[in-house]
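Chemist: one predicted model, sequence on top.
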Amino acid sequence: MEQLLADADAWVRENVPEAMVRVRKYAVGAFDDWKIEARFSGPANADPATLRRLAEEGANILRDSPYAKEVRINWRERVQALVPRYNQERGRWARVSRDDLARATRRASDGVVVGQYRQEDDLIPILARNVESERQQAAATLEDLQITPRLSTHAVPVSQVVDGIATPWEDPIIWRWDRRRAITVQCSPNGVTAPTLRNAVLSKFEAIELPPGYRLDWDGEYLSAKQSQEALTPGIVPAVMIMLFILVALFNGFRPMLICMLVIPFVMIGITSGLLITGTPFGFIAPVSML
């Protein structure tokens, strides 16, 4: 399996260096898509540009680390949008509302649903939209697009009700966490465990200056392990007390129980040897199995 992963990574780097291709093994138990996740969040109306700046600082820290690979930001790349600047005065004269303009542009680009096709248990929407060649040239042909106002049969070109077509760059995906705008820097460990990578970059992440109202939270394997450990903590003391009671009841004395408890630390010799032989990191599953 390790040889297959190495060969796949080498082939990807040689043939498609511009693409991010993740080759991973199936994991046992709980599994996080990204082992390392640093989430920057701000108020509900936080400035996307500020969040992107913070995320880029964190991504650059990970890119400079030899322990990290497959670094990315979950907002992905900005895309260019077509925004007609609606002229309210001319729209009134032409009896074209903002909804009419939005409906016409949606029909020309994304399409409007005119029906549904049922295939067994699935409902597939039927879209009415312009052909592919016209959609690819939307910026050049948008002003010539015809709008038919509601309760009217006369079409009006878009150029008569707009002051031009703007093409700003915008974020196609804006994630939220606890009703806060949040952007997450994600990566995978490169030949090390997730705690090793996080400890190596933790001080640099904490040195990032956050504006008022913004904060940094760690997700991924760190949060999963923390939540699992917190869930186990309330049951550890009752479990230990029950085990001690059973040992005392079985041997009818405290001395055999103490001997059994003092032998338990030597179990780490076998556990450590097994982990070293198999090359398995001492993660969350190891202490759970030990208990």
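Modeler: That came through fine.
Chemist: residue ranges of the helices in the stretch 1-150 of the chain, please?
Modeler: Under the criterion DSSP state H, counting those that start in this stretch, the stretch 1-150 of the chain contains helices at 2-15, 48-64, 88-94, 98-108, 132-136, 138-141.
Chemist: tell me which strands and helices the host helix or strand of Glu230 is in contact with?
Modeler: Assessed by DSSP states H and E, Glu230 sits inside helix 221-251. Applying 3 or more CB pairs under 8 Å, 6 or more residues apart in numbering; DSSP states H and E, one finds that helix 221-251 makes contact with strand 36-41, helix 194-206, helix 254-263. Yep, even glycine has a C-beta here, placed from its N, CA and C like the rest.
Chemist: for the shortest one, which strands pair with it and how are they oriented?
Modeler: The sheet places strand 36-41 alongside strand 180-189 (antiparallel), strand 215-220 (antiparallel), with pairing taken from DSSP bridges.
Chemist: output the last one as CSV, restricted to C-alpha atoms.
Modeler: Extracted in CSV, the C-alpha atoms of strand 215-220 (Å, rounded to 0.1, in the frame of the first residue of the first chain):
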residue,chain,number,x,y,z
ARG,A,215,-10.5,34.9,16.2
LEU,A,216,-8.5,31.7,15.3
ASP,A,217,-9.8,28.2,16.0
TRP,A,218,-8.3,24.8,15.3
ASP,A,219,-10.4,22.2,13.7
GLY,A,220,-9.5,18.9,12.0
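Chemist: quick check: the gap between the closest residue to Leu216 other than its chain neighbours and Asn15.
Modeler: The spatially closest residue to Leu216, leaving aside those adjacent along the chain, is Phe40, at 5.8 Å (CB to CB, 6 or more residues apart in numbering). Phe40 is 34 Å from Asn15, where distance means CB to CB, to the nearest Å.
Chemist: same deal with Val23?
Modeler: Val23 is 13 Å from Asn15, by CB to CB.
Chemist: who's more crowded, those two?
Modeler: Neighbour count, other CB atoms under 10 Å: between Val23 and Asn15, Val23 has more, with 13 against 9.
Chemist: dihedrals phi and psi, the more buried one?
Modeler: phi -110, psi 120 (degrees, to the nearest 10).
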